[in-house]
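[1] A predicted structure for the sequence below; I have some questions about it.
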Amino acid sequence: MKDVDYAGIVNLIWQRKLEFPQVLNYANQLEAARLTGLVAVLYQTWLKRNRSAYDHFAWFNLGVTLFGEGDIAGAREAYEQAIRLAPNFVQPRFNLGLVHERLGQPDAATEQWLWIEEHASPEKPDERAILIAALNSRGRLGESRKQYADAQACLERSLSLDPNQPDVLHHWVFLREKQCLWPVYSAPAGVDPELMQRSTSVLAMISLSDDPAEQLAAAMNYARRKIPADLPVLAPAEGYRHDRIRIGYCSSDFCLHPVAMLTAELFELHDRDKFEVYGFCWSPDDGSSLRQRVVKAFDHYIRIDALDDAASAQLIREHEIDILIDLHGQTRGARTQMLAYRPAPIQITYLGLPATTGLPCIDYVIADRFLIPEEEAKHYSETPLYMPDVYQVSDRKRLCSPAPTRKACGLPPEGFVFCSFNNNYKYTAEVFDVWMNILRRVPGSVLWLLSDNPWSEGNLRREASARGIDEGRIFFSERVAPEHYLARYAVPDLFLDTFPFNAGTTANDALWMGLPVLTRSGRCFASRMAGALLTAAGLPELITYDFQAYEDRAVELATTSGACLRLRERLEEVRDKGILFDTPRFVRNLEQRLIELNAARR
C-alpha cells in the first residue's frame, strides 16, 4: 500500500483517465487496508467527474462505505441515487431497508423489502440471495414488532428457498412458541427435523425441554457458531489490586424490564466502602422512572450502544473492572462477543438467561442449591456461585396501585380464579392439558391469562374448546404498567406456574403481593426458579414434581375452604420477616461471595 500513490489515483479519476473497474480494484485494496475514508473519496470523485454505465454500482458501493462509517444520511442518499439510476437493482433496496430500520422507520424498511419479495427472481442466484435476506429481515423486524404471524410467514418462505438456515430456524421455532402453535416442532416442508432441533436457541429450548444436557448442547452450539475462537484476552488473569472492588453490570435491560425490576435495589444497596459500581448500558431510554432510578444507582453509568463489541470490551478493560456481571446470557440484546474478549478477570452471568450460557468466557452463575442441585452442576458451563438463601434478588420499593375489582378485570363475580401471568411462550400443550383438567375438576372456576398477542389468544381458546372446556372460562388481560399489574395479584386465588419454564420475576411479584404460587419443579434452572423462591419462603408444600401431583394439589387448594387465604396470611409474614424479600441480607451475601472470588484471583 505504501508504494501506491492514491493522491495520484484520485487525480486520474478527476481527469477522467481511469475506467471504473480500475477504480473498483483500488477501492478493494483500500477496503482491505481498512482505509474506508479513502474508499469514499474514490467513489465520490468518480461520481463527481464521470458518467458511465457503472454509476449505479458506484453509488451503491459508496452507500455501503458510508453506512459502515456511520454516515446514515449519506448512505441513504447514495442508495436512493443507485435506485434512481437502476430501478430494478435489488441490492440497494435491501440496504436502504436497513437504513430506514436504523433511522427508526420500520414501515419504510418493510416497504423496501416487500418490493424485493415482489420483484426479485429466485431463479437468479444473486437476486435469490437478496430475496432470502429480505425475507429474513422482514421476519426479524416483524418479530421485534410482535407481528408474529407475518414474521413466521416470511421465515417459512425463506426456508422454502433455503431450508439449511440454522439462525432462521431458531427464530421460526421461537415464533411458534410465542403464538402457542402446538406442536412447536412441526418442520416446514424440506426442513430436516434434526437440523431444526439442533438450531433451537437455548432461550427457545427452555420452554421445550427439562433435560439439562439438551440445554447445554443448545447453548454450546450457539457459542460455537457465534464466537470466534481467536479473540484476544484483554484482562490480566491475576486481576487488579484496587482498594474497592470494581464491579460492573452490563445490560440492555436497564429500563422497564423484569431484570431491572429485580435488581434496582441491589445496585442501590452495594457497600460503597467496599465496592465501586459501574453500569455498562446499551438499553433504550424509555423515560421510565425505573430506568432513572437504575441509572442513578450506579457510581459510573457508561453507555456503550455506539461502540462495537471490540471497542466496548476495550473500554471495560480500561476501567479495570474486577468483576463483570452480565445480565443477558443468550437473550435478545446480548453482546456475547464483547464478553468473549474477557474484558474483566472474573465474569459472571445472572438473571437474564435461566439456563447455562455455554460461553467459555463466563466463569460463574449466581445460584442456590435448590435452583442448581450439585448433581446437576455438570450440565453447566459455568461454576455455580451458591447463595446461602435464594438466588434471586428482590426490590422492596416496587410501586403498587390500589387493588382492582373482579368486574374491573373483566372476571365473573363468583368462582375460584386461577391465573398464570407468564409470557405465553412458556405455555406448552402438556401444561395446558393439566390446566384444563383442573378447570374440569373445579366447577365454576376460571383461568386468567396474559394476553400476549392475538394469535396466542386465539390458539389458546381453540385448544380449550378441543379439550372440552368452554372457552368462556378463559379470560385474558392486556399488559399494563407495573404498578397496575402488581395490583392485579390481589384478585386471583392461586397462581398456576408453567413448566418446564417456570415463572421468575412473575413468581417473585405474585409472592410479594401475597398470592400463592403452585409450581412443578424439574431438573433445569428454568424449571426450578419458582421452587427456589418457595423454598426460601418456607412453603415447600406448593412445590410438586410431576403433573398429577400438580393437578391434584391445585384442585385440593381450590376446593378446601380457606386454604388459599391461609397461604396468603403466611406470605404476609414472609414479606415482613422472611429471608425471601430480605434484600439487604441478599446483598451482603452476594458481596461476601464476590470478595472471596476477588481475593482468590490475586
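    That came through fine.

[2] For Tyr249, what are phi and psi?
    The phi and psi values for Tyr249, taken as degrees, to the nearest 10, are phi -110, psi 130.

[3] show me where the stretch 201-350 of the chain has strands.
    245-251, 275-281, 300-303, 323-326, 346-349 (DSSP state E, counting those that start in this stretch).

[4] Can you convert these into a markdown table and add a column each for distance to Phe525, mean pLDDT and mean neighbour count?
    Every residue, glycine included, has its C-beta placed from N, CA and C. Formatted as a markdown table, those follow (distance: least, Cβ to Cβ, whole Å; pLDDT from 0 to 100; neighbours: other Cβ atoms under 10 Å):
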| stretch | distance to Phe525 | mean pLDDT | mean neighbour count |
| --- | --- | --- | --- |
| strand 245-251 | 19 | 97 | 25 |
| strand 275-281 | 24 | 98 | 22 |
| strand 300-303 | 29 | 97 | 14 |
| strand 323-326 | 15 | 98 | 26 |
| strand 346-349 | 11 | 98 | 24 |
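
[5] Would you map the strands across the stretch 401-550 of the chain?
    Counting by DSSP E, counting those that start in this stretch, the strands of the stretch 401-550 of the chain are 417-420, 446-450, 474-477, 494-496, 517-520, 543-544.

[6] sorry, back to before: figure out which of the strands of the stretch 201-350 of the chain is closest to Arg224.
    With Cβ to Cβ as the criterion, Arg224 lies closest to strand 346-349 of the strands of the stretch 201-350 of the chain, at 17.8 Å.

[7] on contacts alone, who are the packing partners of the closest one?
    Contacts of strand 346-349 with other secondary structure elements, assessed using 3 or more Cβ pairs under 8 Å, 6 or more residues apart in numbering; DSSP states H and E, are made with strand 323-326, strand 364-367, helix 583-601.

[8] hmm, back to that, how about the strands of the stretch 201-350 of the chain in a markdown table, adding distance to Leu96?
    Conversion of the strands of the stretch 201-350 of the chain to a markdown table gives the following (distance: least, Cβ to Cβ, whole Å):
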| stretch | distance to Leu96 |
| --- | --- |
| strand 245-251 | 32 |
| strand 275-281 | 30 |
| strand 300-303 | 28 |
| strand 323-326 | 34 |
| strand 346-349 | 38 |
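
[9] what is the spatially closest residue to Ser451 that is not a sequence neighbour paired to in the beta sheet?
    If you skip the residues right next to it in sequence, Ser451 has Phe476 as its closest partner in space, 3.8 Å away by Cβ to Cβ, 6 or more residues apart in numbering. The residues paired with Phe476 through beta bridges, assigned by DSSP bridges, are Leu449.

[10] tell me the contacts of Phe476?
    Listed by Cβ atoms under 8 Å, 6 or more residues apart in numbering, the contact partners of Phe476 are 448-451, 457.

[11] returning to what we had before: deepest in the core, which of the helices and strands packed on strand 346-349 is it.
    Most buried of the helices and strands packed on strand 346-349 by mean neighbour count (mean count of other Cβ atoms under 10 Å) is strand 323-326; its value is a mean of 26.

[12] Please name the strands paired to that one in the sheet, noting orientation.
    Strand 323-326 has these partner strands in its sheet, going by DSSP bridges: strand 245-251 (parallel), strand 346-349 (parallel).

[13] Measure how far it is from the centre of its chain, please.
    17 Å (Cα atoms, centre = their mean, to the nearest Å).

[14] quick one: His171 from Tyr148, how far?
    Distance, His171 to Tyr148, by Cβ to Cβ, to the nearest Å: 11 Å.

[15] Redo the strands paired with strand 323-326 as CSV? Include distance to Ser199.
    As requested, those are arranged in CSV below (distance: least, Cβ to Cβ, whole Å):
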stretch, distance to Ser199
strand 245-251, 26
strand 346-349, 22
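
[16] Cool, thanks, talk later.
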